[in-house]
Structure formats: C-alpha cells, structure tokens
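**Student:** Below are the sequence and a predicted model for it; my questions follow.
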Amino acid sequence: MHGIPIQHKLAGFYFFYYSIVGTFMPFWSLYLEDQGFNYQEIGLLSSIAIITRFFAPFIWGWIADKSGKRMLLVRIATWMEACIWFMIFLIPNTFQSVALLMLIFSFFQNAILAQFEGVTLFWLAEKRTQLYGKVRKWGSVGFIVGVFGIGALLEIVPISLLPIMLLCIAFLAFLWSFSIKEPSTAPRAQQQLEPLWPILKRPVVAAFFAIELVLLFSHAPFYSFYSNYLHQAG
C-alpha cells in the first residue's frame with residue numbers, strides 16, 4: 001500500500017467504518033427481534049449503545065491528547081469491535097450478556113471517529129479544504145454499500161449471522177488502519193485546550209445542544225424500530 005496516496009488510504013478507512021454503521025443501524029433491531037427480544041428490550045438495548053457517548057469521548061480525547069497516539073487508539077478500538085461481534089455470535093444472547101457487550105462495543109466505537117478526524121486533518125494539512133469533502137464522501141459510499149450489500153446477503157443467509165458480517169467488516173477496518181501512519185504531532189488546535197464550562201455557557205453552544213437534543217430524540221425511534229416496521233409491512 002506504499003504507493004497509494006494518503007487521501008485514498010483515509011477514504012478507505014471511512015468506507016469501512018461507515019460500512020459497519022450501515023450494517024448495524026438497519027439490521028441490528030431485526031437481529032434482536034430474531035433472537036426473541038421484545039420491543040421494550042430492543043429499545044433498552046439500542047439505548048445502551050448510546051450511553052457511553054456521555055463519557056467515552058472525553059476519556060478517549062484525554063488519552064489521545066496525552067499520548068498523541070490517535071491511530072493506535074483507532075486500531076485498538078476496531079480490534080475490540082471485531083472481538084465484541086465474535087462474542088455476540090458465540091455466547092447465548094441473554095438480555096444481560098448483550099447489554100454488557102453493547103456497552104463495551106459503544107465505548108470503543110466512540111474512540112474511532114473523533115480521533116480519526118484529527119488524523120485526517122493532520123495528513124491532509126494545507127490541502128484539507130480541497131480534499132476533505134472528497135475523502136469524507138467515501139464514508140457515505142460505505143454506508144450505502146453496507147445497507148444494500150448486507151440487505152441482499154440477508155436474503156440468502158439467516159439474520160442470525162449478522163454479528164459475523166459485522167466482525168468481518170470491523171476486521172477489514174482494523175487491517176486497513178495499518179496503512180495509515182501515526183501523525184507526528186497533535187493538531188495545533190488540540191494542543192491548547194480551553195476550559196469546558198465557559199464554552200458550554202455561550203448562548204450559541206446552548207442553542208446547538210438544544211437543537212441536537214430535539215433532532216436525536218426524533219431519530220431514536222426511527223433508528224431503533226423502522227426496520228421492524230418494514231419487516232411487519234412485508
């Protein structure tokens with residue numbers, strides 16, 4: 001991979017990362033329904049996957065700022081994702097076991113994108129304005145390929161194999177991550193950290209969080225149950 005331009009390597013990782021998202025989001029609730037969980041349990045398990053977003057980004061951001069090893073964290077996280085999907089396939093899917101594994105999965109999932117964004121901006125350097133959109137669009141391509149490709153595959157194989165599909169994609173993301181070198185320094189904006197509380201008190205920031213709250217509140221039932229609705233509708 002030494003001859004591949006860095007923007008293509010970055011685009012490839014976005015492709016695999018969002019292929020995981022495109023495989024997980026539409027089909028996870030159908031997998032849980034297939035495993036015998038009711039809608040209340042599916043809702044709880046879907047929300048557990050979000051809980052770590054309250055604290056995991058702060059932990060991973062702090063580790064990244066202290067260590068400067070963003071790609072190392074990305075590799076650890078993608079490897080752990082693959083292990084989690086293997087465990088979900090391997091062990092009996094009780095509510096407690098799936099809840100615990102989803103908690104661990106989401107904790108490591110939150111380590112990937114924010115840190116990789118920093119890596120992307122570092123490697124694109126002065127060309128980030130021209131190239132960032134072109135690199136990032138491959139995430140959308142990966143999401144679409146994940147949705148359509150896994151959807152077509154699930155017409156042939158049972159949905160009980162969904163964790164194995166997620167395992168394979170996560171492992172490909174892990175392997176691809178080794179094509180991207182560790183940035184030599186942290187992005188300059190991340191080396192001088194402002195106190196958090198004065199930022200949160202700004203009206204524009206408070207308005208942003210209010211909009212995000214309403215937006216994500218509307219997305220939650222859609223992401224969790226729309227696939228089940230389509231399944232019932234035939």
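**Tutor:** Noted; the coordinates are in hand. Residues are numbered from 1 along each chain as shown.

**Student:** Can you give me the buried ones in the one helix or strand Gln96 maps to?
**Tutor:** Using DSSP states H and E, Gln96 maps to helix 95-109. By neighbour count with 16 or more other Cβ atoms under 10 Å, helix 95-109 contains the buried residues Val98, Leu101, Met102, Phe105, Ser106, Phe107, Phe108, Gln109. Every C-beta, even on glycine, is put in place using the N, C-alpha and C of the backbone.

**Student:** what element comes up after that helix heading to the C-terminus?
**Tutor:** helix 113-124.

**Student:** Where in this protein is the helix or strand with the lowest mean pLDDT?
**Tutor:** Here the helix or strand of the chain ranked lowest by mean pLDDT, DSSP states H and E is helix 188-191, holding a mean of 50.

**Student:** if we can go back for a sec, a markdown table for the buried residues of helix 95-109, including pLDDT and distance to Ile20?
**Tutor:** Listed next are the buried residues of helix 95-109 as a markdown table, based on pLDDT from 0 to 100; distance: Cβ to Cβ, whole Å:
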| residue | pLDDT | distance to Ile20 |
| --- | --- | --- |
| Val98 | 90 | 17 |
| Leu101 | 91 | 15 |
| Met102 | 88 | 14 |
| Phe105 | 89 | 10 |
| Ser106 | 87 | 12 |
| Phe107 | 88 | 15 |
| Phe108 | 88 | 12 |
| Gln109 | 84 | 8 |
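
**Student:** Let's have the residues you listed in CSV, adding distance to Gly61.
**Tutor:** Formatted as CSV, the buried residues of helix 95-109 follow (distance: Cβ to Cβ, whole Å):
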residue, distance to Gly61
Val98, 28
Leu101, 24
Met102, 22
Phe105, 19
Ser106, 16
Phe107, 13
Phe108, 14
Gln109, 14
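
**Student:** I'd like to know how far Leu67 sits from Trp123.
**Tutor:** Wrong residue type there; residue 67 is Ser, not Leu. To Trp123, Ser67 is 18 Å away according to Cβ to Cβ, to the nearest Å.

**Student:** Between these two, tell me which one has more neighbours.
**Tutor:** Trp123 (18 against 11; other Cβ atoms under 10 Å).

**Student:** Could you find the closest non-adjacent residue to that one?
**Tutor:** Once flanking residues are discounted, Trp123 sits nearest to Ile6: 5.0 Å by Cβ to Cβ, 6 or more residues apart in numbering.

**Student:** Outside of the helix holding Gln96 itself, list whatever touches it.
**Tutor:** Residues outside helix 95-109 that contact it (Cβ atoms under 8 Å, 6 or more residues apart in numbering) are 32, 35, 37, 41, 44-45, 48-53, 56, 76-77, 80-81, 84-85, 87-88, 91.

**Student:** Pull out the buried residues from those.
**Tutor:** Counted by 16+ other Cβ under 10 Å, the contacts of helix 95-109 give 32, 35, 37, 41, 44-45, 48-49, 52, 56, 76-77, 80-81, 84-85, 87-88 as buried.

**Student:** still on that earlier bit, just name the closest of the buried residues of helix 95-109 to Val214, please.
**Tutor:** Ser106 (22.1 Å; Cβ to Cβ).

**Student:** Next one: that closest one from Arg128, what distance?
**Tutor:** 29 Å.

**Student:** try Ile180
**Tutor:** 15 Å.

**Student:** Looking at these two, which is more packed in?
**Tutor:** Ile180 (21 against 14).
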